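Participant: This is a predicted model, with the sequence first.
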Amino acid sequence: MKKIIRIALMLSIATVCLVLSACGEHYTLEKAADPEDVTKGYFGKEHSSVSYDLGTYITTNADDVIFDATSSDESVAEVGIDNKTLTVTVKKGEGEALINITATSEKAKNSVSLSFTVRAEHYSKIACIGDSLTYGHTWHDESYPVYLAEYLGKDVEVRNFGVNGASVTGSLDKNPRYFGSDMYSQSIAYDADIVIILLGTNDSKAWEDAEPVFQKHYEALIAAYRKINPDVRIIAVTSPPVMENNKFSTPGEVINNEVVPLQKQIAEENDLTLLDFNAMFLTNPDVLNEFLRGDAAFDGIHLSVQGAECLAELLSEIIYSF
């Protein structure tokens, strides 16, 4: 009987503790961090946007938190909140706007503030650097820069500085080094906001000589564009595969297994934006015949209209994300 009484007493005490705990629950609302300042560009589209999960920047156990956001200059950036998601829409026009966010909870009896700066930037000039995959070989009017200009719209100038036969290293006489060419000089003088580099395919044909200096020469290009414009954004595009027995005897295995891994390494080490165009083909082999020119003349290496359009679309998506 005493044992039963002790158990009942313990259960009663536990119940009282739970009730007291519930009645005295402590609600908190605290700032974890401010979002980092952000720069967003705009191109042919009316705006670009960036979203934030505000739950990342505050900690709370209250369920009554109300968020509010304002922009110091709505001609630069507008704000909107849906539940805990803040969307900042960067408008056309250059400048800065201070974004202020408040989170308030009656249960926590507290209010916290977050803030960060949005800078709107207009990228108006894009330089496409490369070999015949950029120039378009004998299909210059069907090159990817032509379609990129269509994707980005009239507010952006896209210039094709491709050179048929160009290489990174100049290891073969018939594939001279791009650096130092007339088109290279013109691209430097152009002072682009964004530079797209697609070079390396021709280096594969003399890879034994090209490989030891490939990174050094590629990085010389990067440094040259950054010297003329320290804020330039550089997109490195990996070389697409080639068809077997292609017209130019370009070794596909060297491109896929040697050139592309080095292109990716250079992009990572030099803080470039990477578009792994090669991977798209390898993960979907069916597009090889569609995206490369394998017609009656059997080119086997240059981009078809579909391939050029695809590359342009992928690049436009990257550019709009800046």
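Facilitator: Yes, it's here. Numbers count the residues shown, from 1 in each chain.
Participant: Got phi/psi on the spatially closest residue to Val237 that is not a sequence neighbour?
Facilitator: For Val237, ignoring the flanking residues on the chain, the nearest one in space by Cβ to Cβ, 6 or more residues apart in numbering is Leu198 at 4.2 Å. Just so you know, the C-beta spots here come from the backbone N, C-alpha and C atoms, and that holds for glycine as well. Dihedral angles of Leu198 (phi, psi; degrees, to the nearest 10) stand at phi -130, psi 90.
Participant: Can you name the residues bridging to Leu198?
Facilitator: Beta-bridge pairing of Leu198 under DSSP bridges involves Gly130.
Participant: Just to check, Val242 is in contact with Gly300?
Facilitator: Yes - here Val242 reaches Gly300: they are 6.0 Å apart, a contact under Cβ atoms under 8 Å.
Participant: quick one: common contacting residues for the two?
Facilitator: Phe248, Leu292 (Cβ atoms under 8 Å, 6 or more residues apart in numbering).
Participant: For the two, indicate the residue with more neighbours.
Facilitator: Using other Cβ atoms under 10 Å as the criterion, Val242 and Gly300 rank with Val242 on top: 26 against 20.
Participant: partners of the longest strand seen in the chain, with directions?
Facilitator: Criterion DSSP state E: the longest strand present in the chain is strand 110-122. With DSSP bridges as the test, strand 110-122 is paired with strand 38-42 (parallel), strand 95-105 (antiparallel).
Participant: Can you name the residues in contact with the helix or strand just after the shortest one?
Facilitator: With elements assigned by DSSP states H and E, the helix or strand that comes after strand 38-42 is strand 48-53. Outside of strand 48-53, the residues that reach it under the criterion Cβ under 8 Å, 6+ apart are 35, 38, 40-42, 84-90, 118, 320-322.
Participant: Closest to Ser72 out of the residues you listed?
Facilitator: Within the contacts of strand 48-53, the smallest distance to Ser72 is 9.5 Å, found for Val118 (Cβ to Cβ).
Participant: can you pull up the bridge partners for the closest one?
Facilitator: Applying DSSP bridges to Val118 gives these bridge partners: Val38, Ala97.
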